[in-house]
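Chemist: Dropping a prediction and its sequence here:
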Amino acid sequence: MCDKSPGEGCHGKIDRIPNFAQPRLLLELAKKPAHGYELIEHLSEGGGTAPDPGNFYRMLRMLEEEGLVSSKWDTQNTGPARRVYELTDPGLDFLHAWAVTIKQTHQSLGRFLSDYQKISDTERR
């Protein structure tokens, strides 16, 4: 049995579990409209992986093209104008669909870890 993390001496290649940047972004926008830099900061909090800014803004544009997010320029604050993004009704529906998928994945991972724990405990005896 290998007790090390993948890449630290265990054989085989393990693909990373996705960080769910899209649903995390939609969830942040469901809380309140925000500009891009603010969204990146929120997604980085609490040990979250900071999204790559280039990919992040491409994802925002894609979500806007799909009608899941809308944006407008904020010129009320001091400094340069910033684009503020907000979740649309279809975006909220998509967030709900993501939540169902993540819940199912969570249950599947729980079953996997439970089964793994059983065989791991058996090997240690």
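Modeler: Sure thing, it's come through. Numbering: from 1, shown residues only.

Chemist: Could you list the buried residues of stretch 73-84?
Modeler: For stretch 73-84, a neighbour-count test (16 or more other CB atoms under 10 Å) marks 82, 84 as buried. C-beta here means a position set from N, CA and C on the backbone, and glycine is covered the same way.

Chemist: what mean pLDDT does it have?
Modeler: Average pLDDT, stretch 73-84: 87.

Chemist: Look through this protein and tell me its longest helix.
Modeler: If you go by DSSP state H, the chain has its longest helix at helix 89-124.

Chemist: Quick one: list the elements packing against it.
Modeler: helix 21-31 (3 or more CB pairs under 8 Å, 6 or more residues apart in numbering; DSSP states H and E).

Chemist: what's the model's confidence in the longest helix of the chain, averaged?
Modeler: Rounded mean pLDDT across helix 89-124 is 92.

Chemist: going forward, begin numbering at 177 instead of 1
Modeler: Renumbered: residue one is now 177, and that last one reads helix 265-300.

Chemist: distance between that helix and the chain's centre?
Modeler: 15 Å (CA atoms, centre = their mean, to the nearest Å).

Chemist: and the angle for that helix with helix 197-207?
Modeler: 130 degrees (axes from the mean of the first three to the mean of the last three CA atoms, to 10 degrees).

Chemist: buried ones in helix 265-300?
Modeler: Within helix 265-300, the residues scored as buried using 16+ other CB under 10 Å are 267, 270, 271, 274.

Chemist: Next: stretch 202-212.
Modeler: Buried residues in stretch 202-212 (16+ other CB under 10 Å): 202, 203, 204, 205, 209, 210, 211, 212.
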